[in-house]
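Q: Need a 3D model of the following:
(chains A and B)
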Amino acid sequence: MAIQTYEVGTTSNPIKVQVEVGIDAIAHTTIYIIKGSDWNHVVDSLDDANGDVPLTPISTAVDLVGKTLYVQITLNFENIDPPNREAALENMVLYYTLTGGPNGARAFSKVDNTSVEDGFEMVYLDKRIKLI
Amino acid sequence: MRYFIVIFLSIFTITSAQTEFSLEDLEMPESPAFVLLDEAPSIITRPNSSQALALHILQNFEGSLFNDIAVSFTPYWFIKDKDKNPLRYYGITAEGEQNPFSKLNKVTISAAYNKTDDSITNVALGARVTLFELKRQSDVLDLQTAHNEAVAYTKIVSNLRIAFQQESGMIPGEDGFDEAFAAYKTEKLQNFERDSITILDVLHRKPMLAIDAAVGYNHRFSGDTFNNGETARFGAWTTAVFSSYLNPSASKNYLNIYAFARYLHDETLMSPLLNDNEEIESFDLGIKAEFEFERLTFGYEYISRSGDGDTYRSAGNIGYRLSDALYLSGTFGNNFGETDDLITLFGIRWGFSTDGQQLPLEDTLQN
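A: This is a model prediction of the structure:
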């Protein structure tokens, strides 16, 4: 799947990110801005284990243009009976929302990569969004 | 034939046991549709967990194979809801307060097929839900502890995966990433230890008090003819269970006391006072005492039926889990009615797994 893009423009407008996760598994979300080998941590999800990241300023548009937003969601299914884990994953709710660009807010719901560990204990969801 | 089936199931079980799955701590679910038909090994029971999808089979040795089949599913697992989160799933808050009604949204729906020796085909639909569940405060504290530890562990693994990407330059999704990260994670966490109590350990403990409600509808067809279809039974019932630890240090050992009440509209029962196939309204009241140990369960249930025909069911149940994959159960006693009312049941449960997904398959052999 080709990497998706979000137009931030070149103004000094603040660009914000929000992640909404709806699943019974324990979820941890971490967000980085990447350019080349430089990784800058933006924010982690709250400590209530639901993976949600409230609307959070990243930086200004002019600072972000040309960089990549990376969101990693780690799902721990050890709290769900094994027969129910796949159904729980398939029916999770997931939205990544970016705001502040010239075209307003945009919500993304598809992930670039899903990695499932043996035994379905840990699942990793990766999303990259190119900021243009 | 009897021995053939047992041998077949035993071979299947042993084969299945070699795949990776676990039925530990999952009881044999009693489909409401089977309970309505009085086909379940125990009428007074409640499962402690709801499965997304499960298959139940009752096998009558006197008839042909697969005469009694039920499938059940829990729509909760197939519904998308932005507000789902672990604490809401457990039914507790971050401060440790309980929501005793947290399982109201986990209705289990079942459908059953049953064919009798006299060419009557029964089709039944049922639904069951936990109305109220109260955990012990000590279990809530254990759940909070296990949950907090799992949250911390999840964050550690998340940070490890970021560090691995930064160090290796690999990108998730590229060939070899998952295997390389698995090795990296194993190396980094080789000395990492966690408490022995897991979230599922705590969630599988019996609540101190639980109240379930269920309904079922049965339509029957005689002579394998669709046009002969008619309403057979409708029932609504509730089960309350109080569970007490036999030994607090061994939390898988319980004394369970059940109370059971059921309304039954029945057009199939023979009554000395009524002609065959006349409508019968009855009310069942029952109690059950059950000792539950880690592998062994035994109990006794008594149900008194009043209304248009007084009768009773008095039966003892015993169950033993031979392994995570094999569960044996037996029932002996008197079923409702005055003729053909002897119950001798022998049951086997086994499970299978495919593609890492674990789906239990329930099977009971009835004799």
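
Q: Show me which positions of the one helix or strand A:Ala107 maps to end up buried.
A: Assessed by DSSP states H and E, A:Ala107 sits inside strand A:106-108. Using 16 or more other C-beta atoms under 10 Å in any protein chain shown as the test for burial, strand A:106-108 gives A:Phe108. C-beta coordinates here come from the backbone N, C-alpha and C atoms, glycine included.

Q: Report the buried residues of stretch A:38-55.
A: A:42-43, A:45, A:49-53.

Q: I'd like the average pLDDT over the helix of greatest length in chain A.
A: Longest helix of chain A, by residue count under DSSP state H: helix A:82-90. Helix A:82-90 carries an average pLDDT of 92.

Q: for B:Lys155, helix, strand, or coil?
A: Taking DSSP: H, G, I helix; E, B strand; the rest coil as the rule, one finds B:Lys155 in the helix state.

Q: So it is in contact with A:His28, correct?
A: Yes: counting by C-beta atoms under 8 Å, B:Lys155 touches A:His28, with 5.1 Å between them.

Q: Between those two, which has more neighbouring residues?
A: Higher neighbour count among B:Lys155 and A:His28: A:His28, with 26 against 19, using other C-beta atoms under 10 Å in any protein chain shown.

Q: and the more buried one, what element?
A: According to DSSP H and E, A:His28 maps onto strand A:26-35.

Q: Can you spell out which helices and strands pack onto that strand?
A: In terms of contacts (3 or more C-beta pairs under 8 Å, 6 or more residues apart in numbering or on different chains; DSSP states H and E), strand A:26-35 is packed against strand A:14-22, strand A:38-44, strand A:53-60, strand A:68-76, helix B:137-168.

Q: center of chain A, which residue is that?
A: For chain A, the residue nearest the mean C-alpha position is A:Val71 (3.4 Å; C-alpha atoms, centre = their mean).

Q: Can you tell me the closest non-neighbouring residue to it?
A: With sequence-adjacent residues excluded and distances taken as C-beta to C-beta, 6 or more residues apart in numbering or on different chains, A:Val71 is closest to A:Lys127, at 4.5 Å.

Q: what packs against the host helix or strand of the one you found?
A: Per DSSP H and E: A:Lys127 is located in strand A:122-131. Contact here means 3+ C-beta pairs under 8 Å, 6+ apart; on that basis strand A:122-131 packs against strand A:4-6, strand A:68-76, strand A:93-99, strand A:113-116, helix B:137-168.

Q: could you dump those to TSV with mean pLDDT and distance to B:Asp83?
A: Formatted as TSV, the helices and strands packed on strand A:122-131 follow (pLDDT from 0 to 100; distance: least, C-beta to C-beta, whole Å):
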stretch	mean pLDDT	distance to B:Asp83
strand A:4-6	97	26
strand A:68-76	98	17
strand A:93-99	97	9
strand A:113-116	96	23
helix B:137-168	95	18
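
Q: can you pull the contacts of the nearest residue to A:Glu20 once chain neighbours are set aside?
A: Spatially, and ignoring its direct neighbours in sequence, A:Glu20 is nearest to A:Tyr95 (4.5 Å; C-beta to C-beta, 6+ apart). By C-beta atoms under 8 Å, 6 or more residues apart in numbering or on different chains, the contact set of A:Tyr95 is A:18-20, A:107-109.

Q: Can you name the two of these that sit furthest apart?
A: A:Gln18 and A:Ser109 (12.6 Å; C-beta to C-beta).

Q: so what sits against both of the two?
A: In contact with both A:Gln18 and A:Ser109: A:95-96, using C-beta under 8 Å, 6+ apart.

Q: So if I had to pick from these two, which one is more boxed in?
A: Ranked by neighbour count (other C-beta under 10 Å), A:Gln18 and A:Ser109 place A:Gln18 first, with 16 against 11.

Q: so the more buried one bridges to which residues?
A: A:Thr97 (DSSP bridges).

Q: what does B:Leu264 give?
A: Bridge pairing for B:Leu264 (DSSP bridges) gives the partners B:Gly235, B:Ser282.
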